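Colleague: Quick one, what's the 3D model for this:
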Amino acid sequence: MSDESRAKSLVDPLLSPLVDRVGEGYVVTESTRKVLYLDRSRRHLLGQCLQKKQRCILVTGEHTALTRAYLEAMNMAGAQWVVRSRHGLRDALTGRRLHRVSEVLEAPEALELADEHARETGFESTILELHISLRQRNVETADYGASIEVIAEELLDEPELSWGSNEPAMVPWDGEELANWTRGRLVTVPHIIANAVGQDGRRLSATMQVRPTQQGSEEILSIAVDLGPTDGPETAERLESAPDILGLVAEETTPLMATAHARYGRADLLKGSTLEMPLVPMALMIGAPGVSSFQIDSSRLVEDFDAFTVGEPRMPGLVIGLGSTIDPANFQELREAMAELGPEKIAAEFGDDFLDSLLGPGWSDSLEKEVKQRREEAAAEGKAEGDAADASGEDAAAETADEVEASIFNEVVEQHASEGHALRESAQTEIEESTLPPPEEGWEEFKAAHRDEEGQA
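Modeller: Residues are numbered from 1 along each chain as shown. Next up, the predicted model:
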């Protein structure tokens, strides 16, 4: 590697054996392994890129899969994943066609999707994904990680758990040891990886991040569980219990919020490089602090929805079930529930990321744009009707901002739901019609050719 190429990046490739080449503001790391883990060297590279404000691009082959922990760390570091196959280059997460590796960092002028991104991967299992935020007021006695153990024991048969700060996470589970380890590193915002395997081979994969707050600390959990074969009766029962699983978390600690989503996917819980089925919402939980802050009438919601209260009776949280099966109709239930709760209040309390987890990326931008447009239209309509001195028109123009935004919320949620359903149908059609030859054919030649092209660039 020339001194000129090395100077383009602040990340010194000599400090990491994973760096294959560097560019202006980014580094490229390549691998042909079947599975990539968040091991010590990959965590170090991502941390180095963050520190130097550089972007990391992972380039792999068609059949490489990532662990959830590695993908989550990449997302936090702003890293990108590019697949190189005989069909060309593409963004592994979006399926966008690329003409060079570094193009993944650029905003697309026109979105060209790669047909092979919809290659059939096989929906082996029903996967439940939980995202949970907990408040731990007393740092000295906080039982960090206990909720992972509770969920594993509830959904897996006699699970064997392990944990670690890197992968493979092979430290035998000891709740007290884990809590003490986390407590001693709280100022560094520790990031824990946990795995569990049941007697029937079904798996759980989880990450835990803990950060200090003015109220003590916040424990953030991301958990995926294989519920079983897609057509299994026991699988359906486990999926139906998603609201109850969230309720269990509230028995021992103070949840701030939690969501449960489901999809059909890989039994090994790895993330492949092809299109996944969109997540479908199954349940959401607003913890006691949110119920109090929003002044939610829990009794009315329990009466109107598939909801129940959790935690302390004097200051309860609320769990709302959105469906018992993986069905796009769950979005309709979510729309009605969120309209009752108030989207702006929820975003103000928990941040836009919470709405993103419910409604998909770009939700906040859609809401802001629609709110602005609707307000402008309402103002123009009100002015015209005021000029006409029409009393009924004046009444109509007096529609409150809350009513306007509730209407906007409903429309945008319906749009997200329909787009998610359309995406799944479109992907299934492409999968059924796909007759692409095996990606191994021409692999070495294609890889060499693209390396030559990028070297010349």
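Colleague: can you list the domain ranges for the protein.
Modeller: 3-119+440-456, 125-327, 365-423 (automatic domain parsing).
Colleague: Mean pLDDT and distance to Ala337 added to these, as JSON lines?
Modeller: C-beta here means a position set from N, CA and C on the backbone, and glycine is covered the same way. Output for the domains of the chain, formatted as JSON lines (pLDDT from 0 to 100; distance: least, C-beta to C-beta, whole Å):
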{"stretch": "domain 3-119+440-456", "mean pLDDT": "82", "distance to Ala337": "27"}
{"stretch": "domain 125-327", "mean pLDDT": "93", "distance to Ala337": "5"}
{"stretch": "domain 365-423", "mean pLDDT": "52", "distance to Ala337": "10"}
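Colleague: tell me the most buried of those?
Modeller: Highest mean neighbour count among the domains of the chain (mean count of other C-beta atoms under 10 Å): domain 125-327, with a mean of 19.
Colleague: Now the terminal residues of that domain, how far apart.
Modeller: The first and last residues of domain 125-327 sit 16 Å apart, counting by C-alpha to C-alpha, to the nearest Å.
Colleague: and if you look at stretch 274-283?
Modeller: 27 Å.
Colleague: just to revisit the earlier point, out of the domains of the chain, which gets nearest to Arg335?
Modeller: domain 365-423 (4.0 Å; C-beta to C-beta).
Colleague: the strands in the stretch 251-400 of the chain, which residues?
Modeller: For the stretch 251-400 of the chain, the strands defined by DSSP state E, counting those that start in this stretch occupy 254-265, 280-286, 307-310, 317-321.
Colleague: again with the stretch 1-150 of the chain
Modeller: Using DSSP E, counting those that start in this stretch, the strands of the stretch 1-150 of the chain run over 21-23, 26-31, 35-36, 55-60, 65-66, 80-85, 88-91, 97-98, 125-136.
Colleague: Ok, which of the strands of the stretch 251-400 of the chain comes nearest Met76?
Modeller: Closest among those, using C-beta to C-beta: strand 254-265, at 18.5 Å.
Colleague: Walk me through which strands that closest one pairs with, and which way each runs.
Modeller: strand 125-136 (antiparallel), strand 280-286 (antiparallel) (DSSP bridges).
Colleague: now the angle between strand 317-321 and the shortest one, please.
Modeller: Which is strand 280-286. Between the axes of strand 280-286 and strand 317-321, defined by axes from the mean of the first three to the mean of the last three C-alpha atoms, to 10 degrees, the angle is 160 degrees.
Colleague: ok, residues contacting strand 280-286?
Modeller: Strand 280-286 is contacted by residues 128, 239, 242-243, 246-247, 249-250, 255, 257-263, 294, 296, 310, 317-323, 326-328, 330-331, 334, 337, 341, 346, 358, 420 when judged by C-beta atoms under 8 Å, 6 or more residues apart in numbering.
Colleague: and the closest residue to Leu269 other than its chain neighbours, what does it touch?
Modeller: Using C-beta to C-beta, 6 or more residues apart in numbering and skipping residues adjacent in sequence, the residue nearest Leu269 is Ser205, 4.6 Å away. Ser205 sits next to 67-69, 194-195, 223-224, 269 when contact means C-beta under 8 Å, 6+ apart.
Colleague: Nearest to Ser133 among the residues you listed?
Modeller: Ile223 (12.3 Å).
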